[in-house]
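Visitor: sequence and predicted structure, then a few things I'm wondering about:
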Amino acid sequence: MQGRANHVEHMAAIAKVHDIAPYAEALRVHVRRIIESAAFKGSRRSQEFLQYITDRALDGHFDDLKERTLGVELFGRAPSYDTGEDAIVRVTACDVRKRLAQFHSEIGFASEFRVDLPPGSYIPDLRKATVDPLPVSLVEIPSPADVSAGLTVVPKGDAGKRLVLPRIFRHVSRHVSRLAAAALLGIGLCAGLWIGNQHYSVLALSSPKRVMPWSALIQPNRQTHIIFCDPEIVTIQKILNFTVSLSDYANRHYWPDPGLLTPEMRRIMQAVSFRGTNVAAVDAETALKIAELPVAGASHQIDTHTARGVRLVDFKTEDSFILFGSPRSNPWVELFRDQLDFIFEFNDIKRSEFVRNKRPLSGEQSMYVPTAEGWGTGQAYAIVAFIGNPNQSGEVMVLAGSNAEATEAAGKLATNLDLLSQTLKSHGIDPSGSSRHFEMLLRVSTMAGSPNTFDVIACHALPTKTT
């Protein structure tokens, strides 16, 4: 089997290689350029892996591009080795995908060819670039009327000015709206084209604004990590009627003990393959808005990760983190439960989430129960929380909702700097002052699966963290 790609994807990949065959020699030169680039520097294993799979593909030897064959030919494994226990091929393929993404984001946009390694396959995607190489002059990506900060893309080598975004945005026409660009990103993410550990730098052209919490979360000398929610873990829990704990999730135990499942549930587990590589479209659009925020005076760095792409040790840094989703869709949110006043809990009887208010103030309820499920009409709830990372100096933001529409509303509030500032001021928090941790509770009215209106019904100033 070619990774986990299905037969249709497998044949489509082979067809693309056949289409590019007339350019084989030029492509080999291009692959050599990739291997010798800074993106692949220091990883001989990834260099050899990319060289091997492209050579075999261009020579038409697609049967060699199987996990076991790669393990034997490239890594000296015995022909009978257990691919389930020894993941050397899968790990290397993941590293190659990450390095290819880095290459394309840095200098690959000016190339005649494009080389990718689709998730679940070991047949490289080889094709001619569908757009002309970027000129040395600036290429503008327009912002909508409600976004004051413009963005400019320039080659990374242009001293002093740099914006390196995922390639899908690089050649967007100036006539394409930001919504269309966000849709493209959502499609790319959900198709698994932008998976884990992606990195880009952002430079706002308008004067930088000091708006808390962004002024603390995004700083020139500090990395910021966006952790997308895991839509597939929600589906798994719903189908199998169980709840994944943070401990199990951190230890990669995404399924319940097979011995506790009915035969029908076991058949479902065998029939589906959830790898945690999909990203919700609403998360993609919010990530794009965050990348556009004019809050830093110099280029700042943002990494994106799927929830399953990070480990507990990754949070033990001085970096900043932005987490999307409630604990049901992103168990990593549970790491910061003790810091929050408004926490999501799951009702096992009703099989739905609700918000518990640990510290009700005057006029507030102790519990907020949503009436709108996903793609329904009614009320949902969301939180926007700015908190500290325990025992670290970095900051954390949580954007979580009882459904996707509520999470989308939280993202809209958090990335609308004027509205965010006004809301904080109305609750006695100075958005231009020193960092002050807080948590907002939003009530979201949804209609047919879209966030119709939302309002902030509570805002708590939280204690300053101690390190």
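Guide: Received it, and whenever you're ready, just let me know what you need. Worth saying up front: this structure is predicted, and the values here are computed from it rather than measured.
Visitor: helix/strand/coil for V396?
Guide: strand (DSSP: H, G, I helix; E, B strand; the rest coil).
Visitor: what's the distance between the residue of the chain most remote from its centre and A458?
Guide: Outermost residue of the chain with respect to the C-alpha centroid, by Cα atoms, centre = their mean, is S362; its distance is 37.8 Å. According to Cβ to Cβ, to the nearest Å, S362 stands 11 Å off from A458. Using the backbone N, CA and C atoms, a C-beta is placed for each residue, glycine as well.
Visitor: swap in V91?
Guide: Relative to A458, and taking Cβ to Cβ, V91 is found at 45 Å.
Visitor: between those two, who's got more neighbours?
Guide: The neighbour comparison of V91 against A458 (other Cβ atoms under 10 Å) goes to A458, with 21 against 11.
Visitor: now the element after the lengthiest helix in the chain, going C-ward?
Guide: Using DSSP state H to define each element, the chain has its longest helix at helix 88-106. Later in the chain than helix 88-106, the nearest helix or strand by DSSP states H and E is strand 113-116.
Visitor: that following strand pairs with which strands, and in what direction?
Guide: Strand 113-116 has the following strand partners under DSSP bridges: strand 125-128 (antiparallel).
Visitor: burial of P118, as a residue count?
Guide: 19.
Visitor: quick one: the strands in the stretch 251-400 of the chain?
Guide: Per DSSP state E, counting those that start in this stretch, the stretch 251-400 of the chain carries strands over the ranges 300-305, 320-324, 342-347, 352-357, 367-368, 378-388, 395-401.
Visitor: if you average pLDDT over each of the ones you listed, which is lowest?
Guide: The minimum mean pLDDT among the strands of the stretch 251-400 of the chain belongs to strand 300-305 (a mean of 79).
Visitor: now it against strand 320-324, angle please.
Guide: Orientation check (axes from the mean of the first three to the mean of the last three Cα atoms, to 10 degrees): strand 300-305 against strand 320-324 gives 40 degrees.
Visitor: report the buried residues of strand 300-305.
Guide: Neighbour-count burial for strand 300-305 flags 300-305 (criterion: 16 or more other Cβ atoms under 10 Å).
Visitor: ok, stretch 352-366 next?
Guide: Neighbour-count burial for stretch 352-366, counted by 16+ other Cβ under 10 Å, picks out 353-355, 357.
Visitor: then stretch 425-443?
Guide: 429, 431, 436-443.
Visitor: just how off-centre is that stretch within its chain?
Guide: For stretch 425-443, the separation from the chain centroid amounts to 26 Å (computed by Cα atoms, centre = their mean, to the nearest Å).
Visitor: what's the answer for stretch 335-355, then?
Guide: Worked out by Cα atoms, centre = their mean, stretch 335-355 lies 23 Å from the chain centre.
Visitor: helices or strands up against the helix or strand harbouring V31?
Guide: Per DSSP H and E: V31 is located in helix 24-35. Counting contacts by 3 or more Cβ pairs under 8 Å, 6 or more residues apart in numbering; DSSP states H and E, helix 24-35 packs against helix 44-58, strand 113-116.
Visitor: burial count for the nearest residue to R28 once chain neighbours are set aside?
Guide: Leaving aside its sequence neighbours, R28 sits nearest to L58 (Cβ to Cβ, 6 or more residues apart in numbering; 6.9 Å). For L58, the neighbour count with other Cβ under 10 Å is 19.
Visitor: residues contacting L58?
Guide: 17, 21, 24, 27-28, 126 (Cβ atoms under 8 Å, 6 or more residues apart in numbering).
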